[in-house]
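In: Return a 3D structure for these sequence lines:
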Amino acid sequence: MNRHTIFGSPYLLGFEHLERLLERTAQKSGESYPPYNIEAPEEGRIRITLAVAGFAKEELSVVEEDHQLVVRGVKTEENGKTFLHRGIAARQFLRSFVLADGIEVSSAALENGLLKIDLARKQVQPSRREIEIRTGGLT
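Out: I've put the predicted structure just below:
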């Protein structure tokens, strides 16, 4: 059975990875923890701010892999404590963001329970290349 998508168009060659990214994004759209903001502090820059109150720097990781920014929080259990009421969740989380080509993580900082991750768009110079036409077959 053939799947027909917009990316199956003969005019969109080499964009199959975008379809996979859109599918991955759709799967992650139901996540709500931790809450986050995305802002553009200046042209060509993006800042993601996640509310990670209660997490120490050592309990967080920020990784850029395969056009994706992955933020993980692993809360360590506090041994020896007896809770009469536990209203503050100590849950782990994994939050991922799909990155476009040319976007890279420039820094991450934890301050007052907020994890701020700065992204930057690399400046891409337009290019033009003429292709030589040969006679005969391709080798």
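In: Mind listing the strands the helix or strand hosting Thr49 pairs with, and their directions?
Out: In this structure, Thr49 sits in strand 45-51 according to DSSP states H and E. Using DSSP bridges, the strands paired with strand 45-51 are strand 36-39 (antiparallel), strand 114-121 (antiparallel).
In: If we go by neighbour counts, what in the shortest one is buried?
Out: Of the residues in strand 36-39, Tyr36 count as buried by neighbour count, 16 or more other Cβ atoms under 10 Å. To be clear about C-beta, it is placed using only N, CA and C from the backbone, and glycine gets the same treatment.
In: The longest one now?
Out: For strand 114-121, a neighbour-count test (16+ other Cβ under 10 Å) marks Leu115, Ile117, Leu119 as buried.
In: Out of the residues you listed, flag the one nearest to Lys81.
Out: Nearest to Lys81 among the buried residues of strand 114-121 is Leu115, at 24.9 Å by Cβ to Cβ.
In: quick one, strands of this protein?
Out: Under the criterion DSSP state E, the chain contains strands at 36-39, 45-51, 60-64, 68-73, 93-98, 103-111, 114-121.
In: Need the residues that contact the first one.
Out: I take that to be strand 36-39. The contact list for strand 36-39, computed with Cβ atoms under 8 Å, 6 or more residues apart in numbering, reads Ile46, Arg47, Ile48, Thr49, Leu50, Ala51, Arg95.
In: my guess is the fourth one meets Leu115, correct?
Out: Yes - the pair Thr49 and Leu115 passes the contact test of Cβ atoms under 8 Å, sitting 7.1 Å apart.
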